[in-house]
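Q: sequence plus predicted model, see below.
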Amino acid sequence: MGDLGYGIDPRVNNSVAAQIKEVHRTGVQIAIVIGGGNIYRGLRAVTAEGMDRATADYMGMLATMLNGLALQDALEKHGVDTRVLTAIEMNELAEPYIRRRAIRHLQKRRVIIFVCGTGNPYFTTDTAAALRAAEIGAEVIMKATKVDGVYTSDPVKNKNARKYASLAYMDVLKKGLKVMDATAVSLCMDNHLPIQVFNIKKGGNLKRAVRGEKIGTVIC
């Protein structure tokens, strides 16, 4: 979204794609779960309140398809072979999600983008990320955000907020920290999937995170 009220900022899209390319060139296999808040929040602002939750969630899933196609376009302009896999079938736009196919794409050095969450309402894209990561045998979930880690409170509203260098899964759940929803954190905990939260807006951060440098917050 960048500095826009909602929608897709081409400069931000291109910046993210450039960072992914930089990491992909090192030989790291990359699977991306993409959200849709930048589009859906804009739609919700002009939608009557009281919308059915399931309907709203399906709209959010469609927003992730828009973002996925935009990121695919940016990646392929950078010369990165990419596949979009969707949990809701849209054969003219993307491949249906099949676990073995996703793994095969990774083996063929393709970046894969998972869209439409889990395909079910009442589940966030955080939960989709945890689920897909477990399914494909990922080593880590890297939550790319606009803040440089997890804080005791919102650092934008509270200048005295303290950043955590590391956290245990149970600490996140007990403290009610707004990192990922409880279902996603529990799924990561059950499958021993570490989570690294970092600021994607700072150039080179993705590569530094992949290298194991101490940036952001690690949850394990």
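A: Arrived safely.
Q: and for N91, the neighbour number?
A: For N91, the count of nearby residues is 8 (other CB atoms under 10 Å). For glycine as for every other residue, the C-beta is placed from the backbone atoms N, C-alpha and C.
Q: can you check G36 too?
A: G36 has 22 neighbours, counted by other CB under 10 Å.
Q: so who does it touch?
A: In this structure, G36 makes contact with 60-67, 125, judged by CB atoms under 8 Å, 6 or more residues apart in numbering.
Q: 7 Å instead?
A: 60, 63-64, 67 (CB atoms under 7 Å, 6 or more residues apart in numbering).
Q: check which element follows the lowest-mean-pLDDT helix or strand in the chain along the chain.
A: Ranking every helix and strand in the chain by mean pLDDT, DSSP states H and E puts helix 37-45 at the bottom, with a mean of 75. Toward the C-terminus, helix 37-45 is succeeded by helix 53-77 as the next helix or strand (DSSP states H and E).
Q: hmm, who's touching that next one?
A: With CB under 7 Å, 6+ apart as the test, helix 53-77 has contacts from 8, 13-14, 16-17, 20-21, 34-36, 39-40, 43, 82, 84, 86, 88, 90, 93, 111, 113, 115-117, 121-122, 125.
Q: tell me the buried residues in that helix?
A: Neighbour-count burial for helix 53-77 flags 57-72, 74-75 (criterion: 16 or more other CB atoms under 10 Å).
Q: about what we covered before: just the buried members of the contacts of helix 53-77?
A: Using 16+ other CB under 10 Å as the threshold, 8, 13-14, 16-17, 20-21, 34-36, 39-40, 82, 84, 86, 88, 111, 113, 115-117, 121, 125 are the buried ones among those.
Q: what about this protein, any weak spots by pLDDT?
A: For the chain, the stretches with pLDDT under 70 are 42-49.
Q: what about the helices in it?
A: Assigned helices in the chain, in chain order: 10-24, 37-45, 53-77, 99-107, 125-136, 169-175, 182-190, 205-210 (criterion: DSSP state H).
Q: JSON lines for those helices, including distance to N199?
A: What follows is the helices of the chain, written out as JSON lines (distance: least, CB to CB, whole Å):
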{"stretch": "helix 10-24", "distance to N199": "11"}
{"stretch": "helix 37-45", "distance to N199": "16"}
{"stretch": "helix 53-77", "distance to N199": "18"}
{"stretch": "helix 99-107", "distance to N199": "26"}
{"stretch": "helix 125-136", "distance to N199": "17"}
{"stretch": "helix 169-175", "distance to N199": "18"}
{"stretch": "helix 182-190", "distance to N199": "20"}
{"stretch": "helix 205-210", "distance to N199": "6"}
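Q: domain map for the protein?
A: According to automatic domain parsing, the chain comprises the domains 1-126, 139-220.
Q: and those domains: which comes nearest R132?
A: Taking CB to CB, domain 1-126 is the member of these nearest to R132, at 5.2 Å.
Q: quick one: terminal-to-terminal distance for that closest one?
A: 18 Å (CA to CA, to the nearest Å).
Q: mind putting the domains of the chain in a markdown table, distance to R132 included?
A: Conversion of these to a markdown table gives the following (distance: least, CB to CB, whole Å):
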| stretch | distance to R132 |
| --- | --- |
| domain 1-126 | 5 |
| domain 139-220 | 9 |
